[in-house]
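Here is the input, now give the coordinates:
(chains A, B and C)
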Amino acid sequence: MGKTEERLAALGLKLPPQLTLPPGVELTFPWVRVHKKHAYVSGHGPQNIDGSLAGPFGKVGGEVSLDDAQKAARLAALAMIASLKRELGELDRISAWLRIFGMVSSAPDFKQQPLVINGCTDLIVEVFGPERGNHARSAVGMAELPFGLPVELEAEVAIDS
Amino acid sequence: MGKTEERLAALGLKLPPQLTLPPGVELTFPWVRVHKKHAYVSGHGPQNIDGSLAGPFGKVGGEVSLDDAQKAARLAALAMIASLKRELGELDRISAWLRIFGMVSSAPDFKQQPLVINGCTDLIVEVFGPERGNHARSAVGMAELPFGLPVELEAEVAIDS
Amino acid sequence: MGKTEERLAALGLKLPPQLTLPPGVELTFPWVRVHKKHAYVSGHGPQNIDGSLAGPFGKVGGEVSLDDAQKAARLAALAMIASLKRELGELDRISAWLRIFGMVSSAPDFKQQPLVINGCTDLIVEVFGPERGNHARSAVGMAELPFGLPVELEAEVAIDS
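Below you'll find the model as predicted:
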């Protein structure tokens, strides 16, 4: 087990299996696209440990509380890490997180997107440490997200080899 | 004619000319920015074969149906390919699609952004094949898009030489 | 003083200090993430010369006029340049702007996001010149932005050394 997975285990974090899509939905793109020294991560939402999308669903600042939205951002970050593990085999290959685009399905007048996406940023830095885990970030308010997700994350990471 | 353009021809697909902007609009940035081995593709909407923006306009799930939105995503993908052709000269220079960010102008409660953007993803993979055409992807719901476009796409591709 | 800063001075432009966050907000990510020959720029809003977020706040096409939104986009571009100066030490190290993602908090039916983000694009090209300053760009309408910002910008630039 690599040092990144040892760190996940020490934090008591479990990676979810690949997303089980809602019925009738077919996605024809990879969750991670690797090219040379970069891995591009498709939009990920929060997942349950059985691979299904995790609720609560709806708009943050509306049906979904700030606290639940932060947890959703943390789960979505774990789902990205899980997809990277499946694609790269070994998470230690990730030398640097570069960019995370944090999207929050926002009820009218909800303006705390950065606090929501801190749930993702804090997890990435906890697991990868600041040198590898630090990343440029935006946290912004979307009109709608697929399947009623409260949070979706997209990312780019650098890989060593 | 390169193999990518042969494939476009075999599929009966025609690339539109450069976008004719609506009156009074001046855009001062390039449609494609090439730097070393990457090409960054500006936001593209669907275009008619005369170069004008293609309707229907409005929100998907509102004035614009799912079916029309998928067609718009397909046309916007063709517009990106056309801009890449003009910038690169030869589409065979594209060695890999890396990332597509799919934006859907969404009526309240419209949650099927992935199905809309499949119109783009499926076209890219049809034309470039899975090895070159696969890409990381997000499909998300915007409050508004320029000129009332239902779909806008941004992308990054790798080039060989 | 490098040539880029001489150009800023000749244009009468002053770079703001690092953002003073609103009370109670803690951000745990860097404003710029440098990796090898790329710098990834986190989401930036407009700033006053004292480092605070610059108003007016609200939706463009609603509380915020097109003219004020263009000025906000210009100020947000200056804030990005200021963060790059702090991270890179010398702005001449920027060899090319690659991509700017321009987000406009949009009132219903506001469709002129490209005109708003021209405030950013024009400034970047004025300061860096067309060869270095040209960039791929999207200009799109968000449901909400943090703290009620009318405009937020994210970017990627190439660095020489």
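
list the helices and strands the lengthiest helix in chain A packs on?
As assigned by DSSP state H, the longest helix anywhere in chain A is helix A:66-88. When contacts are defined as 3 or more Cβ pairs under 8 Å, 6 or more residues apart in numbering or on different chains; DSSP states H and E, helix A:66-88 sits against strand A:32-35, strand A:38-44, strand A:94-105, helix A:113-133, strand A:151-159. Every C-beta, even on glycine, is put in place using the N, C-alpha and C of the backbone.

Please see if the first one touches chain C.
Translated: strand A:32-35. No: counting by Cβ under 8 Å from any Cβ of the partner chain, chain C has no neighbours in strand A:32-35; the shortest distance is 14.0 Å.

One more: the longest one?
Yes: using Cβ under 8 Å from any Cβ, a contact is recorded between helix A:113-133 and chain C, made by A:113, A:114, A:115, A:118, A:121, A:122, A:125.

OK, contacts around the fifth one?
In this case it means residue A:121. When contacts are counted by Cβ atoms under 8 Å, 6 or more residues apart in numbering or on different chains, residue A:121 touches A:100, A:102, A:135, A:137, C:28, C:29.

Please report phi then psi for residue A:142.
phi -90, psi 160 (degrees, to the nearest 10).

Who are the contact partners of it?
Contacts of residue A:142 by Cβ under 8 Å, 6+ apart are A:103, A:104, A:105, A:106, A:152, B:140, B:141, B:142, B:143, C:142, C:143.

again, only this time at 6 Å
A:103, A:105, B:140, B:141, C:143 (Cβ atoms under 6 Å, 6 or more residues apart in numbering or on different chains).

Among those residues, which one sits closest to residue B:17?
residue B:140 (29.0 Å; Cβ to Cβ).

rewinding a little: output the longest helix of chain A in CSV, but only the C-alpha positions, please.
Extracted as CSV, the C-alpha positions of helix A:66-88 are listed here (Å, rounded to 0.1, in the frame of the first residue of the first chain):
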residue,chain,number,x,y,z
LEU,A,66,-24.4,24.5,4.4
ASP,A,67,-23.3,21.7,6.7
ASP,A,68,-24.7,19.0,4.4
ALA,A,69,-23.2,20.7,1.4
GLN,A,70,-19.7,20.7,3.0
LYS,A,71,-20.1,16.9,3.6
ALA,A,72,-21.2,16.5,0.0
ALA,A,73,-18.1,18.4,-1.2
ARG,A,74,-15.9,16.0,1.0
LEU,A,75,-17.6,13.0,-0.5
ALA,A,76,-17.2,14.3,-4.0
ALA,A,77,-13.5,14.8,-3.4
LEU,A,78,-13.3,11.2,-2.2
ALA,A,79,-15.1,10.0,-5.3
MET,A,80,-12.4,11.9,-7.4
ILE,A,81,-9.6,10.2,-5.5
ALA,A,82,-11.3,6.8,-6.0
SER,A,83,-11.5,7.4,-9.8
LEU,A,84,-7.9,8.4,-9.8
LYS,A,85,-6.9,5.3,-7.9
ARG,A,86,-8.8,3.1,-10.4
GLU,A,87,-7.1,4.9,-13.4
LEU,A,88,-3.6,5.3,-12.0
